Every structure is written in structure tokens, then in C-alpha cells.
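Q: Output the structure for:
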Amino acid sequence: MLKFGSEGSKQFYDMFVLNPAHAEAHREGDIHIHDLDFLTLTTTCCQIQLSTLFKDGFSTGHGVLREPNDISSYSALACIAIQANQNDQHGGQSIVDFDYGMAPGVSKTFVKRFRDNLSRALTLKFSVENADDEAKDILAAIKEETGLIPSLQENEEFKAALMDKLSKWAAPETAAEVFDFAQKYAVKETRRATYQAMEALVHNLNTMNSRAGAQVPFSSINYGTDTSPEGRLVMEQILLATEAGLGRGETPIFPIQIFRVKEGVNYNPGDPNYDLFHLAIRVSAKRLFPNFSFLDAPYNLQYYKPGHPETEVAYMGCRTRVMGNAYDRSREIAPRRGNLSFTSINLPRIAIKANGDVDWFFQELESKLNLVVEQLDERFEIIARKKVYNFPFLMGQGVWIDSENLDWDSEVREVLKHGTLSVGFIGLAECLKALRGEHHGESEESQNLGLEIVGFMRNYLDRLTNERHMNYTLLATPAEGLSGRFVRIDRERFGVIPGVTDREYYTNSFHVPVYYPISAFDKISIEGPYHALTNAGHISYVEMDGDPTKNLEAFERIVRHMHDCGVGYGSINHPVDRDPLCGFNGIIGDTCPCCGREENGRPFERIRRITGYLVGTLDRFNNAKRAEERDRVKHRMD
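A: As a prediction, this is how the structure comes out:
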């Protein structure tokens, strides 16, 4: 029924809502209006900030959920927030501050566990009656007098204050034993509770539904840079829970996990989170997540301010990025903002029609940019007229920036201006083939022209941004169903053109074609410069052969090369197979290496990454994406 509704909505908007010029351009395949079925309803995605959302609690429409007080509640409410916000938007949901946002939950849990163990020690050592109350009173008095509370990292000043309070029962040596007992078991129990909370979060985000029960929320979490003991524990345990897998060892599909890489924080030996960087590499080599974002890339580093997590660039889902803010330059931050809408341009078609005339190509490209921006402006105008009550969680609970200052029936126009309107593109490789006979993986001249084309689009949008003080940004389109749609229309119109329309798909955004044999390092070096130009989002992949858990050094070399080449967001694909009958996880060919059965009856689970998301089967994807996955070559490591 949802599919019927979606297709009916698209038809209605095409006939009665869209500007006829925009509708024709979409139908004919010059452009693609993404999520057309939600044209008049909502925005795309949002970067959720847990620290602000959890303060004083929030409501999903049926009563208020209080501010959480332990790590298990933090985990549960994070899932609820993602689910609730997904029902207000048609795109993905990203938590920008997973490590910083969850760390207070660890702290609160530790205080509780320390108090419980202090109570046990008072009972066992001194036979104190009402030991629970006594423990509470002692800790409350220490907090009032010194401002100190029990902490995961042992604090000598707190220890001395506690020993002083215990002096009425015990000598200093015995009081020290009580502290050591409470500290030791509080650490142990908090670690276990944090693991269980992270395990629950992973399980919940792979099972809970939104969008009328049609699918699980498209969730992402960003972490990597909190160096506090509590934040470090959150990251360690989410990674270990991901490594362990779901109930029978399955690889989790959600949340997409993004490990922020930053020199001085986790990138080099001696950095405080260097051990977590290595753990992230180990887990990604087994489970495909986390992906890696790079805060040292110049276009990300320009926003970064040490000690201000809100200035750390975050990514959503398969690639989306929202950071610069021409509407308010003083708030160029990641949290509580998102993409409003995006529409993509068919680059190969313009190149085919140019017939080798590069000057004409750029003239036509500018014409299409004018058309797409006009269409995005009209879509913005539709959504801007909506009220807070149209977005009861996104706006009503202050998830979106400045929405907390609006009344229930206020128009959302001004606060939406913190978001982005994005122009996407697809098929740069085929575009270059049509213009020059070689794509950017084959020729340095084509690479230079590719950068000129993408740079032309970025400069056009930057000029508009500065003139209008609206955030027009350039997106390296993920192209889920689009890659096949464009080439199908173009093949019918122009015939089969070798290297251009002769496959079932156009290549994603600026990527080197998946079928082209190239080393992993050369591919990254070629694609890296495009990341700086695509400020609405980007990602680069490489394909590793074999089991990378047996060659973590090679895996790390690729991640470090991404960092050095200015990649903003990258990941490494490799086979992740599972036999659901015997439970074997690893690489499976025609037969299971563990039980020896062939793939008949119950099929093997083969986890692959499609447009940024992991899938356990390609059955639900169109022929274009199946063909793209089938054509992928493994990239050499030389």
C-alpha cells in the first residue's frame, strides 16, 4: 500500500504541483527530483544532538520522557529520538555527538554503582544499618562540600574526602579498602552496563520500525574524539558490540557508524584515542562499519575548534554533510541542521549532446543549474510555509536549530534557512568518456576536465550562496534508483555508446567506474580532490579482496591514504558472508567452509554496501544496482 501511495503521490505532484518545466525535465531524464513523493510534506534529514535533546527530557506525543539517568536509558532514548524524528522526515537521521552525548549516561551510571557498592561495603565491614541511606548522605555531603562525585577515572581528592567521611567507623587503611572495593566493582559493573546498553542500541536500530512500519530508521552515529573516560568507554563498547554482531552473529545493518579521525586525538601513536582508532579498524575489517571521516581535511578543518564538539563535521547516512552556514556565519556548526532537498543533474546526457564541444557543454550545464536551483527554490517555498505542528518532533521538541523559539503555529521558514538546498550530479566518468573518450581514471587530462566541471558547479552555487545568504551546496549523488533510470532513458534516445550507455547504470557521482582495474591508492588519489568541491556530501570506497581481518596493516594503510589525500569520508568494502544454518561468518564461495553445504534451499547471507548502506540481499534492488555490484573489481594494493 505504501508503494501505491508513493507512486500516486509522484503522479499527482507531476500533474498538479510541479512547475511544468521542472516536471518535463524530470520525466525526460535531464534532472532527477529526489524523494518526489514527499515534495509537499517534509525535509530530507537532520543531525540530532543528544546533549540538547536529553536535557529536561522530551515528548513523542504521548507524555514526556524524563531526562535519562543511566546509560541504559540514554541508549533507549537515543533510539526513540531517531525513530520519532524519522517519522517527521523522509531521509536519514544522524547523531552528531554520540560519544559526547552518551558520556553523561556513563557518568550517572557510575555514580549509582559506586553508591551501591559503598553501601555493600558499609554493611559488610561495619554492619551499618540503613547503609543505602548512609551511602547517599556521604556522597551528597562530599558533593556539597567539594563539588566532587565518584568518577570512572580515580580521583585522589575525592578519595581523600570519602576516607575522611569514613573515619568515624574505620582507620585510614580500612577506609582505603572500602574506597578501593567500591571503585573496583563500580568500574566493572559500569563497563558491563555500558556494553549491554550499546548492544541494545545496535539490536534496537536493526529491528524497530518507522514510516508506518515500512522499514527501520536510516540511522547514523558519529564518534571518535571525546577523550573523557566516559566517552572512551562508550566508543569502546559500541565497537565491541558491533564486532560481536546481532543475536546469532549477523552483521548489523544499522546504525551506520562514522569514526572521526583527527590528528592529536586518535590518529598517531601517543594520541589519547589512538587505541580506539585501531579498534575501529579491527571492527570495520570484520563488519564493514565504522566508516571513517577525516576532520583534518582542509575543508573540514576550517570549522574545527578544539574543545567545541559542535564544530566537528558530521556525516549522515551514505554521505550527506551540512556545515557551512551563509544564513548565519556565526553558527557554522554540525548539530541540529540538515538537508532540505536535493535534485540531481544528468551529466552524461549533456556531454552526449555536446558532441565534443566543451564550451557548449558548460553553457548547457549552467542552464541546467539554473533550472535545478529554480526547482529547489519552489520546493523550499512549499515547505517553508508549514507550521511547527506539521513537524511535531523535529520542530515541536526543538530538534532543529532555533525551533525551540517558535510557537506551535509559527511558520518554519526562517529556521529552515539553516539547512541546505543541494544540487547533485551523476555519471562524471561517463560524461568524460562522451567528451574526451577517456574517463578520469584513464587520463590526467580527463581528470583535469572532471575537476573543472565539478568546480564549475561548485562555483556557481557558491555565488548564489553569497548573493542570497541561503545554503546552496553541491552533492556527490548516491544514486540508488537513479543510476539505472538515467542510462535507460539515454540509451533509448541516443543508442548504445561504448563506455557511456553500454552498461545498466551510470557511475555514482565522481567515482572512478567500479569495473575499471586500478589500485586502491590510485583510486583514492584521483577521487580525493572532488571531496573538497562537494560540500553537501561525498564518499569514496575501495574494494579489498580476501579477509581484511587477516591483514589489518593493509586496511590501515588505506585509511591513512584517505587521510593524506584529503578525503572527507571513506570506507572499505570487502566480502562479509554468513551461513544462517551453521552460523559461520567469513568469506563463502559456492560451499560453506564450516559445514560444507552448498547454497541451495536456504541461501547464504552476503552483506554488501549499496549506495552507502549495507544490505543482506540484492533481491530488493533494481537491475542497475545489481549490475553495478556484479561489475565491481577488487582494487590492487600496490
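Q: just the helices in the stretch 101-250 of the chain please.
A: 131-146, 156-166, 172-205, 229-244 (DSSP state H, counting those that start in this stretch).
Q: So which bits of the second one are buried?
A: Read that as helix 156-166. Neighbour-count burial for helix 156-166 flags F158, K159, A161, L162, M163, K165, L166 (criterion: 16 or more other C-beta atoms under 10 Å). (C-beta placed from N, C-alpha, C; glycine too.)
Q: excluding its backbone neighbours, what's nearest Q397?
A: Among residues not flanking Q397 along the chain, F58 sits closest, at 4.7 Å (C-beta to C-beta, 6 or more residues apart in numbering).
Q: count of residues packed around that neighbour?
A: By other C-beta atoms under 10 Å, 21 other residues sit near F58.
Q: That one contacts V64, correct?
A: Yes: here F58 reaches V64: they are 7.1 Å apart, a contact under C-beta atoms under 8 Å.
Q: Let me know the pLDDT of K625.
A: K625 carries a pLDDT value of 71.
Q: A helix includes it, no?
A: Yes: assignment of K625 by DSSP: H, G, I helix; E, B strand; the rest coil places it within a helix.
Q: on that earlier part again, pick the most deeply packed of the helices of the stretch 101-250 of the chain.
A: With neighbours defined as mean count of other C-beta atoms under 10 Å, those peak in mean count at helix 229-244, which reaches a mean of 22.
Q: what about this structure, any weak spots by pLDDT?
A: Confidence mapping of the chain against pLDDT under 70 gives the ranges 1, 211-214, 480-481, 611, 617-622.
Q: Domains in it, by residue range?
A: Following automatic domain parsing, one gets these domains for the chain: 1-41+338-516+523-536, 42-318.
Q: could you dump these to TSV with distance to A326?
A: TSV is the format used below for the domains of the chain (distance: least, C-beta to C-beta, whole Å):
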stretch	distance to A326
domain 1-41+338-516+523-536	5
domain 42-318	14
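Q: so the residue nearest to Q397 bridges to which residues?
A: For F58, the beta-bridge assignment (DSSP bridges) gives partners L65.
Q: and if you look at V542?
A: Going by DSSP bridges, V542 forms beta bridges with I572.
Q: Report the separation between it and E430.
A: Here V542 is placed at a distance of 20 Å from E430 (C-beta to C-beta, to the nearest Å).
Q: These two: which is more packed in?
A: Using other C-beta under 10 Å as the criterion, V542 and E430 rank with E430 on top: 29 against 25.
Q: OK, contacts around the more buried one?
A: When contacts are counted by C-beta atoms under 8 Å, 6 or more residues apart in numbering, E430 touches L347, P348, A351, H439, V487, G499, V500, T501, Y506, T507.
Q: Equivalent analysis for N390, please.
A: N390 sits next to T42, V412 when contact means C-beta under 8 Å, 6+ apart.
Q: 10 Å instead?
A: The neighbours of N390, taking C-beta atoms under 10 Å, 6 or more residues apart in numbering as the test, are L41, T42, D88, I383, G396, D409, E411, V412.
Q: Are any of the residues you listed buried, and if so which?
A: Here, 16+ other C-beta under 10 Å leaves L41, T42, D88, I383, G396, V412 buried among the contacts of N390.
Q: Sort out for me which of these are in helices.
A: I383 (DSSP state H).
Q: Return the member of the buried ones among the contacts of N390 nearest to N405.
A: Among these, V412 lies closest to N405 (C-beta to C-beta), at 11.3 Å.
Q: Tell me if I'm right that the closest one and N405 touch.
A: No: using C-beta atoms under 10 Å, V412 makes no contact with N405, being 11.3 Å away.
Q: What ranges does the stretch 251-400 of the chain have for its strands?
A: Per DSSP state E, counting those that start in this stretch, the stretch 251-400 of the chain carries strands over the ranges 256-261, 291-294, 315-316, 320-321, 339-346.
Q: The stretch 451-600 of the chain now?
A: Using DSSP E, counting those that start in this stretch, the strands of the stretch 451-600 of the chain run over 471-476, 540-543, 569-573, 576-578, 585-586.
Q: Now do the third one: which elements does it pack against?
A: In this structure, strand 569-573 makes packing contacts with strand 256-261, helix 274-287, strand 291-294, helix 520-533, strand 540-543, helix 552-564, strand 605-610, judged by 3 or more C-beta pairs under 10 Å, 6 or more residues apart in numbering; DSSP states H and E.
Q: if we can go back for a sec, how much space between the residue nearest to Q397 and I558?
A: Taken as C-beta to C-beta, the span from F58 to I558 is 40 Å.
Q: same thing with T534?
A: In terms of C-beta to C-beta, T534 sits 21 Å off from I558.
Q: now do F54
A: Computed as C-beta to C-beta, the F54 to I558 distance reads 36 Å.
Q: can you check V96 too?
A: Taking C-beta to C-beta as the measure, V96 falls 25 Å from I558.
Q: Those two - which one has more neighbours?
A: Using other C-beta under 10 Å, the more surrounded residue of V96 and I558 is V96, with 30 against 23.
Q: returning to that earlier point: return every residue with contacts to both of F58 and V64.
A: Joint contacts of F58 and V64 (C-beta under 10 Å, 6+ apart) are Q397.
Q: before we move on, the earlier item: could you work out the most separated pair of the contacts of E430?
A: Taking C-beta to C-beta, the two most distant members of the contacts of E430 are H439 and V487; they sit 14.8 Å apart.
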